[in-house]
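Sequence plus predicted model, see below.
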Amino acid sequence: MAKRKARKAAGRRPKRSGRKGRAGAGRKLSKDAVTLIVILQAREGQETLLEAELRALVGPSRKEEGCLTYNLHRSIDTPGALLLHEVWTSRQAHTEHTHTPHFLRWNARKDALLASRDGTFWTQAV
């Protein structure tokens, strides 16, 4: 029994506390940080493909130096509606994101998938 517990404990990976500077609930962002909220509506018949394309952005975007948060949400009430919630260390960090290969790939495909897109930048008030 003790050997099994020792092997099990040895196989565990240490808990990750997240990347330094990662935005957490209730944490004050730097004055340069920006939040981008993007609401996207798929063209009829393109719902699944749009979500797949956006999912492909999540992993690489989260690995970018200036990315604090990059989350994709699906609407409960509106079929084909998706929301991106992004937090970047600065507007410049977001601009650099728009020059990455994964973003450029998305940018080249988005017009065929989208019926509408609305994006707004925000800063933390408190």
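Nice, thanks for sending it over. Numbers count the residues shown, from 1 in each chain.

Spell out the residue ranges of the helices in the protein.
2-11, 47-62, 91-97, 101-113 (DSSP state H).

And the last one, what does it pack against?
Helices and strands in packing contact with helix 101-113 are listed as helix 47-62; criterion 3 or more CB pairs under 8 Å, 6 or more residues apart in numbering; DSSP states H and E. Heads up, the C-betas are built off the backbone N, CA and C, glycines and all.

ok, now the second one?
In terms of contact count using 3+ CB pairs under 8 Å, 6+ apart, helix 47-62 is assigned the packing partners strand 34-42, strand 67-74, strand 81-88, helix 101-113.

one more time with 10 Å
On a contact count with 3 or more CB pairs under 10 Å, 6 or more residues apart in numbering; DSSP states H and E, helix 47-62 meets strand 34-42, strand 67-74, strand 81-88, helix 91-97, helix 101-113, strand 114-122.

picking up where we left off before, using a markdown table, lay out the helices of the chain together with mean pLDDT, mean neighbour count and distance to residue 124.
Formatted as a markdown table, the helices of the chain follow (pLDDT from 0 to 100; neighbours: other CB atoms under 10 Å; distance: least, CB to CB, whole Å):
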| stretch | mean pLDDT | mean neighbour count | distance to residue 124 |
| --- | --- | --- | --- |
| helix 2-11 | 52 | 8 | 40 |
| helix 47-62 | 98 | 16 | 20 |
| helix 91-97 | 98 | 16 | 14 |
| helix 101-113 | 97 | 13 | 24 |
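
what about those helices, which gets the closest to residue 39?
Nearest of the helices of the chain to residue 39, taken as CB to CB: helix 47-62 at 11.9 Å.

Tabulate the CA atom coordinates of stretch 108-126 in CSV.
C-alpha atoms of stretch 108-126 as CSV (Å, rounded to 0.1, in the frame of the first residue of the first chain):
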residue,chain,number,x,y,z
ALA,A,108,-8.0,35.6,-43.6
ARG,A,109,-10.9,33.2,-42.9
LYS,A,110,-13.3,35.3,-40.8
ASP,A,111,-15.3,37.1,-43.5
ALA,A,112,-16.7,33.8,-44.8
LEU,A,113,-17.8,32.8,-41.3
LEU,A,114,-19.2,36.0,-39.8
ALA,A,115,-22.5,37.6,-40.1
SER,A,116,-21.4,40.3,-37.6
ARG,A,117,-18.6,41.2,-35.3
ASP,A,118,-18.5,43.9,-32.6
GLY,A,119,-15.4,44.6,-30.5
THR,A,120,-14.8,47.1,-27.8
PHE,A,121,-11.7,47.9,-25.7
TRP,A,122,-12.1,48.6,-22.0
THR,A,123,-9.9,49.6,-19.1
GLN,A,124,-10.4,48.7,-15.5
ALA,A,125,-12.2,51.4,-13.5
VAL,A,126,-11.5,50.3,-10.0
